[in-house]
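K.L.:
Fold the following, please.
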Amino acid sequence: MSRIKRLPTTCWSIEAYHPDYYGYAQIDVFVNDGLNIRERVICILRRKDLDKYDDEQCYDTTVAILCNDCYMNTGITELFGLNAGQIIPIQFNGPELPIIPIDWIQSRFWEL
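P.N.:
Coordinates of the predicted model:
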């Protein structure tokens, strides 16, 4: 029996969320360890995570709601099936844009 649970899919429209508590942010999705193949996506973050988003000293992790389907515009096949509405982990990256952890992408956890 696997202890790994699938992350849920949820409504991702910003209209479903109070603007005092949620907002949009850009996240980079890399598919290789060299960090040279990527897609940039939009996610909904909680307000407390948006504060971390602007903090150049922050390297915390959290979750976000993906707002766009991956693969559709870039054709990066490793991202096929990673779709809007999925709850994803993100890693803040100091002065750089946050990323989805590469091991999560390479393991294709959205398919579990």
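K.L.:
Not counting sequence-adjacent ones, nearest residue to residue 44?
P.N.:
The shortest distance from residue 44 to any non-neighbouring residue, by Cβ to Cβ, 6 or more residues apart in numbering, is to residue 65 (4.3 Å). The way it works is simple: take the backbone N, C-alpha and C, and place the C-beta from them, glycine included.
K.L.:
what's the helix or strand for the one you found?
P.N.:
Using DSSP states H and E, residue 65 sits in strand 61-66.
K.L.:
Could you export that strand as PDB, CA atoms only?
P.N.:
This file holds the C-alpha atoms of strand 61-66, laid out as PDB (Å, rounded to 0.1, in the frame of the first residue of the first chain):
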ATOM      1  CA  THR A  61       8.300  25.800   0.400                       C
ATOM      2  CA  THR A  62       4.500  26.000   0.100                       C
ATOM      3  CA  VAL A  63       1.700  24.900  -2.300                       C
ATOM      4  CA  ALA A  64      -0.100  26.900  -5.000                       C
ATOM      5  CA  ILE A  65      -2.900  26.300  -7.500                       C
ATOM      6  CA  LEU A  66      -1.800  26.000 -11.100                       C
END
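K.L.:
for that strand, packing partners?
P.N.:
strand 38-46, helix 47-53, strand 87-93 (3 or more Cβ pairs under 8 Å, 6 or more residues apart in numbering; DSSP states H and E).
K.L.:
again, only this time at 7 Å
P.N.:
For strand 61-66, the packing partners by 3 or more Cβ pairs under 7 Å, 6 or more residues apart in numbering; DSSP states H and E come out as strand 38-46, strand 87-93.
K.L.:
Please point out which parts of the last one sit buried.
P.N.:
It stands for strand 87-93. 87-92 (16 or more other Cβ atoms under 10 Å).
K.L.:
Out of these, which one has the lowest pLDDT?
P.N.:
Across these, the smallest pLDDT goes to residue 87, namely 91.
K.L.:
For residue 11, report the pLDDT, please.
P.N.:
68.
K.L.:
my bad, should have said residue 26
P.N.:
96.
K.L.:
Just the CA coordinates for the one helix or strand it maps to, please, in CSV.
P.N.:
In this structure, residue 26 sits in strand 22-30 according to DSSP H and E. Output in CSV follows, covering the C-alpha atoms of strand 22-30 (Å, rounded to 0.1, in the frame of the first residue of the first chain):
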residue,chain,number,x,y,z
TYR,A,22,-5.1,35.3,-2.7
GLY,A,23,-3.3,36.6,-5.7
TYR,A,24,-1.4,35.6,-8.9
ALA,A,25,2.3,34.9,-9.2
GLN,A,26,4.7,33.5,-11.9
ILE,A,27,6.5,30.2,-11.2
ASP,A,28,9.2,28.5,-13.3
VAL,A,29,8.9,24.8,-14.0
PHE,A,30,12.2,23.2,-14.9
